[in-house]
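S.K.: build me a model from this:
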Amino acid sequence: SGEVVEKTNTSSMKNDKYVIGNNPTQFQQDEFKKLTEALKGDDPQEITAAVVRNFIADYFTWTNKDGNYEVGGLQYIYGPMFTSFQEQSRWEFYKDLDLYISQYGRENLLEVTDITLTDVVYAGKFEHYSGEEYEAYYVDPSETEITFTKEKRNLIHLYLESVENTYASLDQGGAEEINYIPELSNLAKENINFSNNDSIGGSLTVDGTQWTIAAQVSMNMGVPLTLSFKDKKYDQDSKFLSGGYAIGEVLEKNGYVNEFICGSDADFGGTSNFYKQHGNYKIVDYDYFKENGKIPDDYFVFWGIEDAKLFEFAKEDITELANGGKPFNIEITTIDTHTPDGYLCDLCDNKYDDQYANVIECQSKQVSEFINWCKTQSWYENTTIVITGDHNSMSEKFFTNIDKDYIRTPYNCIINSAVETENNKNRKFSTMDMYPTILAAMGAKIDGERLGLGTNLFSDKQTLMEEIGFEALNKEVQKTSDFYNTTIVRMED
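M.R.: Here you go, the predicted model:
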């Protein structure tokens with residue numbers, strides 16, 4: 001209907017079988033109450049109808065969704081079909097939700113306000129996830145001994161929006177006839193690339209890590225993000241995974257200065273809260289650039305500013321950080337390669353029919369030029385540079401012609417690592433493993449080689465994925481976990 005519905009505190013809206021979806025509308029709350037009442041009885045037809053109504057209300061409402069990763073109604077899906085249904089929804093009905101939110105505003109999108117059922121069929125009992133094995137695998141980083149060498153290395157971490165190894169040519173570990181990322185391919189070959197195969201590859205994607213802030217949480221904190229932060233009552237004072245302990249906190253404790261810089265609004269998805277609360281990062285974003293006279297007040301392209309400007313501003317900030325007398329950590333998040341077609345800036349060639357291909361190629365060149373600039377700076381030799389694609393691209397139309405058996409993985413490359421490895425190929429790992437791996441690349445020693453759910457890939461220890469398998473790990477992170485909710489999210493706070 002497009003009507004803005006005032007959200008209320010619904011943290012207690014759950015029953016013996018289900019928890020209501022994120023930021024429910026009033027209609028969803030009313031339907032959930034009816035479901036709770038139905039479950040108290042023994043009429044399978046009444047329960048079935050209530051479950052169907054709750055699924056429809058959540059799945060087809062977009063006014064409370066944050067992006068195409070947040071598929072509604074999944075708690076009502078039959079367990080063994082959970083993952084396939086979720087993925088199919090992301091690439092079909094939810095495919096362009098990010099674009100719709102950006103163009104029209106979330107409040108103007110679909111919202112279910114009434115449901116008429118013609119018939120329902122009771123299908124018997126089904127599997128319901130509970131998720132209590134999480135605690136057995138989690139290593140609390142705040143209680144783990146992490147030590148640094150006397151000469152602490154700086155860290156530059158580039159998060160490249162939707163950049164994956166698929167963009168490379170077949171002979172370079174990709175899936176394309178043309179190598180759209182030759183510079184990134186060369187960087188991966190010349191430095192350290194952790195791969196799922198014997199060529200250039202990357203991590204396997206588990207649930208709760210496949211959009212930008214979720215990827216950043218997983219690489220910084222070693223856990224998936226299994227809830228969203230966008231309620232009207234959620235503001236700059238709201239807590240973000242207050243029980244977690246991130247790389248920014250580790251570095252701040254060891255005398256580092258932290259900065260997060262992006263060309264869009266850092267408040268989107270709770271990003272600024274995450275970084276401010278977990279490492280006291282200086283937040284530099286689109287609003288910052290306007291407020292500090294870096295861009296005109298009316299300047300806006302794509303999501304804010306283009307990456308060409310972002311890299312130039314990042315160079316200025318890195319130079320200032322390097323002259324500050326303390327070790328520094330700066331995270332740089334690009335945006336030009338965002339779905340559906342990316343942003344074609346003035347630096348990009350236009351030689352392909354597909355705009356996305358031109359933008360991807362341009363991103364590779366810009367990153368290479370930035371790394372070349374880094375190499376000319378006095379601080380370069382004492383700085384570890386990490387380049388990661390934040391997640392696989394959601395521009396599904398770009399991949400229609402690739403081999404259906406090709407496994408798509410986000411890009412990764414570590415430059416100037418303090419440690420070496422010969423065990424970086426044919427690995428099974430997730431982005432959660434990057435947390436201890438990045439610290440190790442900076443020269444830190446980690447007692448036990450694990451932080452959160454992540455394992456130091458430079459160590460001899462198996463990752464959780466190698467230990468229990470991809471399917472088992474992915475199933476575990478999809479479960480509702482009391483440990484996650486009370487220890488990491490700290491819902492009681």
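
S.K.: the stretch 351-493 of the chain: helices as residue ranges?
M.R.: 355-375, 434-441, 464-468, 470-478, 482-483 (DSSP state H, counting those that start in this stretch).

S.K.: off-centre distance for the third one?
M.R.: This means helix 464-468. Put simply, helix 464-468 sits 21 Å off its chain's centre (CA atoms, centre = their mean, to the nearest Å).

S.K.: do the same with the shortest one
M.R.: A distance of 21 Å separates the C-alpha centroid of helix 482-483 from that of its chain, computed with CA atoms, centre = their mean.

S.K.: what about the chain, any weak spots by pLDDT?
M.R.: Scanning the chain for pLDDT under 70 picks out 1-12, 79-81, 83-84, 123-133, 227-236, 491-493.

S.K.: what are the ranges of the strands in it?
M.R.: 146-147, 154-160, 257-262, 282-284, 328-333, 383-389, 412-415, 445-446, 450-451, 454-455 (DSSP state E).

S.K.: residue 243 is nearest to which of the ones you listed?
M.R.: Closest of these to residue 243 is strand 450-451, at 14.1 Å (criterion: CB to CB). C-betas here are computed from N, CA, C, even on glycine.

S.K.: list the pairing partners of the closest one within its sheet, with orientation.
M.R.: Strand 450-451 has the following strand partners under DSSP bridges: strand 454-455 (antiparallel).

S.K.: hmm, who's touching the partner strand?
M.R.: Residues outside strand 454-455 that contact it (CB atoms under 8 Å, 6 or more residues apart in numbering): 222, 429-430, 432-437, 449, 461-464.

S.K.: would you mind finding the most buried of the strands of the chain?
M.R.: Across those, averaging neighbours per residue (mean count of other CB atoms under 10 Å) puts strand 454-455 on top, at a mean of 28.

S.K.: and residue 302, what does it touch?
M.R.: Counted by CB under 8 Å, 6+ apart, residue 302 has contacts 335, 336, 338, 343.

S.K.: try it again at 7 Å.
M.R.: 335, 336, 343 (CB atoms under 7 Å, 6 or more residues apart in numbering).

S.K.: residue 455 pairs with what?
M.R.: Counting by DSSP bridges, residue 455 is bridged to residue 450.

S.K.: of the contacts of strand 454-455, closest to residue 394?
M.R.: residue 430 (18.2 Å).

S.K.: dump the contacts of strand 454-455 to TSV, plus distance to residue 36 and neighbour count.
M.R.: TSV is the format used below for the contacts of strand 454-455 (distance: CB to CB, whole Å; neighbours: other CB atoms under 10 Å):
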residue	distance to residue 36	neighbour count
222	35	27
429	40	25
430	35	27
432	34	31
433	39	28
434	40	27
435	38	29
436	42	30
437	44	30
449	45	20
461	44	15
462	43	14
463	40	23
464	35	25
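
S.K.: how about those residues in CSV, adding distance to residue 277?
M.R.: Shown next, in CSV, are the contacts of strand 454-455 (distance: CB to CB, whole Å):
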residue, distance to residue 277
222, 16
429, 27
430, 23
432, 19
433, 23
434, 20
435, 17
436, 21
437, 23
449, 26
461, 29
462, 32
463, 27
464, 26
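
S.K.: that older thread, out of the helices of the stretch 351-493 of the chain, deepest packed?
M.R.: helix 434-441 comes out most buried of the helices of the stretch 351-493 of the chain by mean count of other CB under 10 Å, with a mean of 27.

S.K.: using PDB, write out every CA atom in it.
M.R.: Presented in PDB, the C-alpha positions along helix 434-441 are these (Å, rounded to 0.1, in the frame of the first residue of the first chain):
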ATOM      1  CA  MET A 434      39.500 -13.600   7.500                       C
ATOM      2  CA  TYR A 435      39.300 -12.100  11.000                       C
ATOM      3  CA  PRO A 436      42.300 -14.000  12.500                       C
ATOM      4  CA  THR A 437      43.900 -14.300   9.100                       C
ATOM      5  CA  ILE A 438      44.200 -10.600   8.700                       C
ATOM      6  CA  LEU A 439      45.700 -10.200  12.200                       C
ATOM      7  CA  ALA A 440      48.200 -12.900  11.500                       C
ATOM      8  CA  ALA A 441      49.100 -11.200   8.200                       C
END
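
S.K.: same for it, what does it pack against?
M.R.: Contact partners of helix 434-441 among helices and strands, from 3 or more CB pairs under 7 Å, 6 or more residues apart in numbering; DSSP states H and E: helix 212-221, helix 247-253, strand 383-389, strand 445-446, strand 450-451, strand 454-455.

S.K.: how far does that helix sit from the chain's center?
M.R.: Centroid separation between helix 434-441 and its chain, computed with CA atoms, centre = their mean, is 17 Å.

S.K.: still on that earlier bit, which one of the helices of the stretch 351-493 of the chain lies nearest to residue 242?
M.R.: Nearest of these to residue 242, taken as CB to CB: helix 482-483 at 14.7 Å.

S.K.: which residues in the stretch 101-250 of the chain form helices?
M.R.: With helices called from DSSP H, counting those that start in this stretch, the stretch 101-250 of the chain shows them at 134-137, 182-190, 212-221, 247-253.

S.K.: doesn't residue 208 make contact with residue 474?
M.R.: No. Using CB atoms under 7 Å, residue 474 is not in contact with residue 208; the gap is 9.4 Å.
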